[in-house]
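>>> Give me the fold of what follows.
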Amino acid sequence: MSGPIHRHRQYRREPNDDPRLARALPGGSGAGPGGASALPASGAGAQSPEQQAEIEGFGMTIFLASLTMVFGGVFAAYLIIWFKNRADWQGIVDGREMSTLALATVLLVAADLASARALKVAADKPRAWSLTRLGAAVATVYLIVQSFSWFPLLAQANQPGHGGTLEIEGFLFLMLTFSHAVHVLGGIIANVVVLGRARSTDGPRPGTLRLLYKYWRFLTLVWVAVLATLFALGRMDVASIDAEDGRPAPRSSY
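Numbers count the residues shown, from 1 in each chain. Down below sits the predicted model:
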């Protein structure tokens with residue numbers, strides 16, 4: 001019987017042979033002083049600030065990549081519709097609308113620069129808080145200015161003979177600018193949330209400011225693409241509405 005017993009002992013694994021069990025059992029090779037278990041202390045698995053920043057940055061990258069696909073679909077739809085109607089395509093830009101777009105661009109760039117500056121002075125919590133609030137305020141004015149481009153379109157759709165529909169150029173203009181404005185509104189909400197949380201702490205975290213900066217810079221670049229598309233394809237814009245008889249003013253192209 002010594003043979004089978006010997007083989008049984010040969011394949012028997014003692015608890016201390018497994019490093020994981022040894023660390024978890026009192027008196028094991030991984031035990032602390034006095035035979036205490038060397039289990040991880042509470043909070044030992046918490047992420048470091050660097051790890052948290054890396055995870056947040058990766059999440060923002062994925063988010064911006066998804067938004068890139070969304071806006072890519074919008075631009076693709078614009079180009080397809082323009083290509084099918086290019087034979088009788090009419091630009092409907094006027095000087096007033098050019099001024100509106102220019103002012104909107106300045107406001108959006110200002111919001112972007114405020115976010116970038118807030119990140120740069122992140123160590124100065126009160127200043128970073130003020131710049132984040134300034135960015136939200138300027139972006140709100142941007143939305144108000146953009147709305148002045150949409151009112152003539154809505155008025156045009158309600159004119160007799162239009163049946164509540166828009167000219168194809170006006171519809172595409174609204175599609176581009178409104179889709180961008182919706183995401184600007186999302187950025188304003190994000191700024192407000194950060195400001196609200198910063199009230200209960202000593203100010204916004206640098207990692208949070210970095211995420212806001214990336215988002216506002218992305219929106220600025222998308223707006224540049226929107227302007228390039230509008231001006232390259234007939235400088236399409238909103239038609240002016242004749243204040244006297246309510247009829248669309250003659251279209252002009254540049």
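
>>> Toward the C-terminus from the host helix or strand of Leu119, list the very next helix or strand.
Assigned by DSSP states H and E, Leu119 belongs to helix 95-120. Sequence-wise, the next helix or strand downstream of helix 95-120 (DSSP H and E) is helix 125-157.

>>> Tell me which other helices or strands that following helix touches.
Judged by 3 or more CB pairs under 8 Å, 6 or more residues apart in numbering; DSSP states H and E, helix 125-157 is in contact with helix 95-120, helix 168-199, helix 206-232. Using the backbone N, CA and C atoms, a C-beta is placed for each residue, glycine as well.

>>> Tell me the buried residues in that helix?
125, 128-129, 131-136, 138-140, 142-143, 145-146, 149-150, 152-153, 156-157 (16 or more other CB atoms under 10 Å).

>>> Next, the angle from that helix to helix 168-199.
Relative orientation of helix 125-157 and helix 168-199, computed by axes from the mean of the first three to the mean of the last three CA atoms, to 10 degrees: 160 degrees.

>>> burial count for Asp124?
13 (other CB atoms under 10 Å).

>>> That one and Pro204: what is the separation?
Relative to Pro204, Asp124 is positioned 11 Å away (CB to CB, to the nearest Å).

>>> One more: Trp223?
Distance from Trp223 to Pro204, by CB to CB: 24 Å.

>>> next one: Arg86
48 Å.

>>> ok, now Leu119?
10 Å.

>>> got any residues that touch both of those two?
Listed contacts common to Leu119 and Pro204 are Ala128; contacts here mean CB atoms under 8 Å, 6 or more residues apart in numbering.
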